[in-house]
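**Student:** How does the following fold in three dimensions:
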Amino acid sequence: MIPDQDFSELQLLINTELPLSMGEAVTQTNWLTRLGERINEMIIHDFNGLVTILYRFDVDEKRIRNNLRVGDHDSGRLIAQMIVDRLLEKIKTRRQYRRDDLIDENEKW
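**Tutor:** Next comes the predicted model:
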């Protein structure tokens with residue numbers, strides 16, 4: 001389960017590149033399911049667009065290939081989870097190295 005603050009930030013990041021239409025109340029589970037469905041649509045209809053998005057999100061191509069080779073699975077859901085994992089890493093890193101909280105208001109530019 002993703003903390004609410006991280007989930008909100010994650011949704012914003014992903015919606016900039018992959019807008020998801022959600023007809024129901026958004027839960028993490030149905031949102032991730034919809035993201036996987038959207039990626040499956042892109043695999044079929046806009047693979048180059050998907051590759052561009054994966055590049056922008058900095059998802060490791062080798063990891064994707066390795067994970068797709070293993071077993072029987074839903075490719076869209078697997079790639080969706082890899083995107084989520086990568087963006088959560090970025091969110092965590094940004095928070096860890098954010099120094100604005102430590103700087104006095106009078107010292108900020």
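
**Student:** Provide the secondary structure category for Ser21.
**Tutor:** Of the three states, Ser21 takes coil under DSSP: H, G, I helix; E, B strand; the rest coil.

**Student:** Neighbours of it, how many?
**Tutor:** Using other CB atoms under 10 Å, Ser21 has 6 other residues around it. C-betas here are computed from N, CA, C, even on glycine.

**Student:** do the same with Ala25
**Tutor:** 6.

**Student:** cool, the one 3 residues further on as well?
**Tutor:** Gln28 has 14 neighbouring residues, counting by other CB under 10 Å.

**Student:** Please apply the same query to Val70.
**Tutor:** If we define neighbours as other CB under 10 Å, then Val70 has 8 of them.

**Student:** Tell me the predicted confidence for it.
**Tutor:** pLDDT for Val70: 81.

**Student:** show me where this structure has helices.
**Tutor:** Applying DSSP state H to the chain gives helices spanning 4-17, 28-45, 47-57, 61-69, 75-97.

**Student:** helices and strands around the helix or strand bottoming out on mean pLDDT in the chain, which ones?
**Tutor:** Lowest on mean pLDDT, DSSP states H and E among the helices and strands of the chain sits helix 61-69, with a mean of 88. With contacts defined as 3 or more CB pairs under 8 Å, 6 or more residues apart in numbering; DSSP states H and E, helix 61-69 has these neighbours: helix 75-97.

**Student:** Just the buried positions in the helix it packs on, please.
**Tutor:** 76-80, 82-84, 86-88, 91 (16 or more other CB atoms under 10 Å).
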